[in-house]
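[1] What would the 3D arrangement of this be:
(2 chains)
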Amino acid sequence: MEIKVVRKVLDVNEKMAEQNRKLFAEKGVFVLNVMSSPGSGKTATLEKTLSYIMPEIKSAVIVGDICTSNDADRLAGTGAPVVQVNTDEFGGDCHLAAHVIEKAADNIDLNDIELLIVENIGNLVCPAEFDIGEDARVVVLSVTEGEDKPVKYPLMFRECDAAILNKIDLLPYLDYDIKETIHNIKQVHPDMPVFEISATKDKGIEPWIEWLKGKVRGKQGKD
Amino acid sequence: MHEMGIATEIVEIAIASIPDDIKNARVERVNLKVGKMSAIVVESLRFCFEIVAKDTLLSGAKLNVEEIPVVARCRECNFEWTVNKPVFTCRECKSGLIDIVSGRELDITSIEVVEE
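    Below you'll find the predicted structure:
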């Protein structure tokens, strides 16, 4: 006997993500989901980002890793409240799911912040599949990773609203064609903004900060 | 990479979908739609499903996967095409404003149940 089901396999996650989205909307908190491969400089990018936008925009961070609190320790130096999620408690997951964010957000005073940044697990595949209730998604790619990453991982670059191309200070030492990378990003997601930055050398940060501030203010109806 | 979690969800949804009036039900087959742009490796999913289904009402059940191609539609000129390479620019008018019509599915469409 065939029984019609017609359900999304990720139904539970999507419902939880909607709950998160509703809670964040009630509190007027803009949620940014930051994704990348391991070692692209997500944490350095966020340290730099926070140093630019705080205290003007009150921010907090949820940082996901399979193990260690190294990133949380670094980000705490910015003065923003930081919650570390280690997914080994959740089976060593390769991504942050909506229920993990719900639990982590419990440890943050949402009444006191305007921006919640989620630093996802370093992985260009799985996090793209899981809605966490965010308002925008950003992918960080570094120039040491190869020009073809956007076409190798098209889902990630389709799902994101902006791309940050990090470590541009290393370009003089690399056999790397940044134009090809940008061409590949635009193939996958033609209207996506791309910000070329060096987080550690403090280069090209302003346009990215302006984009982010515009998004946060937009949610608050102040743009 | 998260196929084990997906397999677990499939088993849970399938068990919850068995009508109460069927006694001693066993699920023989789960029909699934998987879009080609979902982050799922079908062979890994099958492997995980077999393990997770063991000792449940789905033990030995077949996972029937219909792979759904990626189809895009241009918002400017309404041209629709199957995306075989990761290029999301309209082939007709070169616009970058496109919608993904299909290819992101990860849906259970039905289960096939027998009464023992």
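[2] so the closest residue to A:Glu102 other than its chain neighbours is in which element?
    Excluding its sequence neighbours, the residue lying closest to A:Glu102 (CB to CB, 6 or more residues apart in numbering or on different chains) is A:Asn20, at 5.6 Å. In short, each C-beta sits where N, CA and C put it, glycine included. A:Asn20 belongs to helix A:11-27 when assigned by DSSP states H and E.
[3] buried set for that helix?
    Buried residues in helix A:11-27, defined by neighbour count with 16 or more other CB atoms under 10 Å in any protein chain shown: A:Val12, A:Asn13, A:Met16, A:Ala17, A:Asn20, A:Arg21, A:Phe24, A:Lys27.
[4] And stretch A:201-220, by the same measure?
    Under the neighbour-count criterion of 16+ other CB under 10 Å, stretch A:201-220 has A:Gly204, A:Ile205, A:Trp208, A:Ile209, A:Trp211, A:Leu212, A:Lys213, A:Lys215, A:Val216, A:Lys219 buried.
[5] Contact residues of chain A facing chain B?
    Selection of chain A residues close to chain B by CB under 8 Å from any CB of the partner chain yields A:1-12, A:91, A:93-95, A:123, A:125-126, A:128-129, A:150-151, A:154-155, A:158, A:186-191.
[6] The same query, at a cut-off of 7 Å, please.
    Contact residues (CB under 7 Å from any CB of the partner chain) of chain A with chain B: A:1-10, A:12, A:93-95, A:125-126, A:128-129, A:151, A:154-155, A:158, A:187-191.
[7] Drop anything exposed from those residues.
    A:5, A:7-10, A:12, A:93-95, A:125-126, A:128-129, A:151, A:154-155, A:158, A:187-190.
[8] In strands, which of those appear?
    Assigned to strands by DSSP state E, the following of these qualify: A:Val5, A:Arg7, A:Lys8.
[9] What residues does B:Phe65 make contact with?
    Wrong residue type there; residue B:65 is Val, not Phe. Listed by CB atoms under 7 Å, 6 or more residues apart in numbering or on different chains, the contact partners of B:Val65 are B:Leu32, B:Val34, B:Val42.
[10] If we go by neighbour counts, what in the helix or strand encompassing it is buried?
    Using DSSP H and E, the element containing B:Val65 is strand B:62-68. By neighbour count on 16+ other CB under 10 Å, the buried set for strand B:62-68 is B:Lys62, B:Leu63, B:Val65, B:Ile68.
[11] Using CSV, lay out those together with pLDDT and distance to B:Pro19.
    Formatted as CSV, the buried residues of strand B:62-68 follow (pLDDT from 0 to 100; distance: CB to CB, whole Å):
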residue, pLDDT, distance to B:Pro19
B:Lys62, 97, 20
B:Leu63, 96, 21
B:Val65, 96, 24
B:Ile68, 97, 27
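[12] Looking at the contacts of B:Val65, which one is closest to chain A?
    Taking CB to the nearest CB as the measure, chain A lies nearest B:Leu32 of the contacts of B:Val65, at 7.6 Å.
[13] For the closest one, identify the helix or strand it belongs to.
    Going by DSSP H and E, B:Leu32 is part of strand B:25-35.
[14] Now for the closest residue to B:Thr109 other than its chain neighbours: which residues touch it?
    Using CB to CB, 6+ apart and skipping residues adjacent in sequence, the residue nearest B:Thr109 is B:Asn31, 4.8 Å away. Going by CB under 7 Å, 6+ apart, B:Asn31 touches B:Asn64, B:Thr109, B:Ser110.
[15] can you list contacts of the strand or helix carrying the last one?
    Right, the one you point to is B:Ser110. Here B:Ser110 sits within strand B:106-115, counting by DSSP H and E. Contacts with strand B:106-115, where a contact means CB under 7 Å, 6+ apart, come from A:1-10, B:10, B:13-14, B:17-18, B:22-35, B:38, B:40.
[16] Pick out the residue of chain A closest to chain B.
    A:Pro190 (2.3 Å).
[17] Could you find the closest non-adjacent residue to that residue?
    Nearest non-adjacent residue to A:Pro190, counting by CB to CB, 6+ apart: B:Gly96, 2.3 Å away.
[18] Kindly state the pLDDT recorded for the closest residue to chain A within chain B?
    In chain B, the residue that lies nearest chain A is B:Gly96 (2.3 Å; CB to the nearest CB). Model confidence at B:Gly96, expressed as pLDDT, equals 91.
[19] and the gap between it and B:Pro69?
    21 Å (CB to CB, to the nearest Å).
[20] before we move on, what about A:Gly221?
    40 Å.
[21] same check, this time on A:Pro55
    49 Å.
[22] quick one, which of those two is more surrounded?
    Set A:Pro55 next to B:Pro69 and count neighbours by other CB atoms under 10 Å in any protein chain shown: B:Pro69 wins out with 13 against 8.
[23] pretty sure the more buried one is touching B:Gly35, no?
    No. At 8.1 Å, B:Pro69 does not count as touching B:Gly35 under the criterion of CB atoms under 7 Å.
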